[in-house]
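S.K.: sharing a model prediction with you, sequence too.
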Amino acid sequence: MKKIICKTYEEMSAEAAFIIANQVRTKPDSVLGLATGSTPIGTYKRLAEEHKKTGLDFSQVKTFNLDEYYPIKRDNRQSYRYFMDENLFSHVNIPPSNVNIPDGECSAPEKECSDYDSGLNKAGGTDLQLLGIGNNGHIAFIEPGENLPLATGLVELTQDTITANSRFFEKEEDVPKKAISMGLSGIMGSKHILLLISGKAKATVVKELFSGKVTTQIPATLLNLHPNVTVILDEEAAGLL
Ligand code: PGA
């Protein structure tokens with residue numbers, strides 16, 4: 001894994017936006033895997049600015065998001081659909097028909113998950129997959145465990161994740177207990193994985209990530225098996241390396 005340590009969150013975001021913009025300029029019909037959470041917000045902000053200032057063109061880009069709570073209404077402010085509209089899609093020219101996010105309102109999640117993987121496979125997988133990491137080492141909502149899912153599926157969130165994400169909800173009870181998450185095949189099938197990590201709270205998991213071992217108890221360590229991963233960290237996240 002290639003490691004880039006930046007001084008600040010802003011520098012990390014600028015570096016990530018530069019890589020994504022470059023991907024889109026080099027291959028205008030790129031398939032981008034996108035992530036939610038606090039970490040990529042600065043990156044999306046810079047991509048929106050790049051679109052506004054330089055006309056960076058997303059008109060042929062297709063996107064696949066990693067996950068969505070289940071169940072959740074699309075217009076719930078905590079849904080990842082809402083997050084993406086707010087932070088990126090309403091600011092750039094990606095055609096809505098090119099956007100793929102698991103549907104938190106679907107009545108048949110199993111079918112939704114298999115259709116999601118079919119769509120991803122039909123698109124040829126992602127050219128670039130943006131990723132964050134949970135304090136517990138999850139990627140997407142692939143939570144620590146003995147067995148990890150290969151396919152997109154409905155998953156139970158761990159208490160760690162519910163507690164970590166409760167900061168976005170009024171109260172912890174409001175956090176959905178399940179989510180639809182891309183599986184490892186979808187993530188590992190990407191041509192280039194871009195993992196962003198920021199803040200002191202992630203320093204322990206970052207140490208594990210670069211420990212030279214893989215374990216399903218820290219799903220992100222499996223990224224060590226992928227041939228083309230770029231990890232961009234800020235100094236706080238890299239504090240224990
Ligand atoms: P965060 O979430 O960017 O809000 O820290 C990352 C994740 O849980 O994958």
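M.R.: On my side now, so go ahead.
S.K.: how about the residues of this structure by the ligand?
M.R.: Applying CB under 6 Å from any ligand atom, we find that the chain lies next to the ligand at 37-39, 132-134. Any C-beta I mention is one placed from the backbone N, CA and C, and that applies to glycine too.
S.K.: could you export those to a markdown table, including columns for distance to Glu173?
M.R.: Shown next, in a markdown table, are those (distance: CB to CB, whole Å):
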| residue | distance to Glu173 |
| --- | --- |
| Gly37 | 21 |
| Ser38 | 21 |
| Thr39 | 25 |
| Gly132 | 24 |
| Ile133 | 26 |
| Gly134 | 20 |
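S.K.: which secondary structure elements does the biggest helix by length in the chain sit against?
M.R.: If you go by DSSP state H, the chain has its longest helix at helix 9-26. Using 3 or more CB pairs under 8 Å, 6 or more residues apart in numbering; DSSP states H and E, the elements in contact with helix 9-26 are strand 2-6, strand 31-34, helix 41-54, strand 128-131, strand 193-197, strand 229-234.
S.K.: hmm, 6 Å instead?
M.R.: If contacts are counted by 3 or more CB pairs under 6 Å, 6 or more residues apart in numbering; DSSP states H and E, helix 9-26 sits against helix 41-54, strand 229-234.
S.K.: tell me which of the ones you listed is the most buried.
M.R.: strand 229-234 (a mean of 22; mean count of other CB atoms under 10 Å).
S.K.: name the strands paired with it and say parallel or antiparallel.
M.R.: Partner strands and pairing direction for strand 229-234 (DSSP bridges) are strand 2-6 (parallel), strand 193-197 (parallel).
S.K.: ranking the ones you listed by burial, who's on top?
M.R.: Of these, strand 193-197 is the most buried (mean count of other CB under 10 Å), at a mean of 24.
S.K.: ok, then the element right after that one?
M.R.: helix 203-209 (DSSP states H and E).
S.K.: so for that next one, what's the average pLDDT?
M.R.: In this model, helix 203-209 has a mean pLDDT of 98.
S.K.: contacting residues for the one residue sitting closest to the centre of the chain?
M.R.: By CA atoms, centre = their mean, the chain has its centre lying nearest to Ala35, at 2.4 Å. Applying CB atoms under 6 Å, 6 or more residues apart in numbering, we find Ala35 in contact with 66, 130-132.
S.K.: again, only this time at 10 Å
M.R.: 43-44, 65-67, 80, 83-84, 129-133, 139-140, 194-196 (CB atoms under 10 Å, 6 or more residues apart in numbering).
S.K.: worst-scoring helix or strand of this protein, pLDDT-wise?
M.R.: Within the chain, confidence by mean pLDDT, DSSP states H and E is lowest for helix 159-165 among all helices and strands, at a mean of 94.
S.K.: can you give me how far that helix is from the chain middle?
M.R.: Averaging C-alpha positions (CA atoms, centre = their mean, to the nearest Å) puts helix 159-165 17 Å from its chain's average.
S.K.: which other residues reach it?
M.R.: Contacts for helix 159-165 (CB under 10 Å, 6+ apart): 37, 69, 78, 134-138, 141, 143-144, 155-158, 169, 172-173, 175-177, 179, 201.
S.K.: same thing but at 7 Å, please
M.R.: Residues from elsewhere that reach helix 159-165, judged by CB atoms under 7 Å, 6 or more residues apart in numbering: 134-136, 138, 143, 172, 175.
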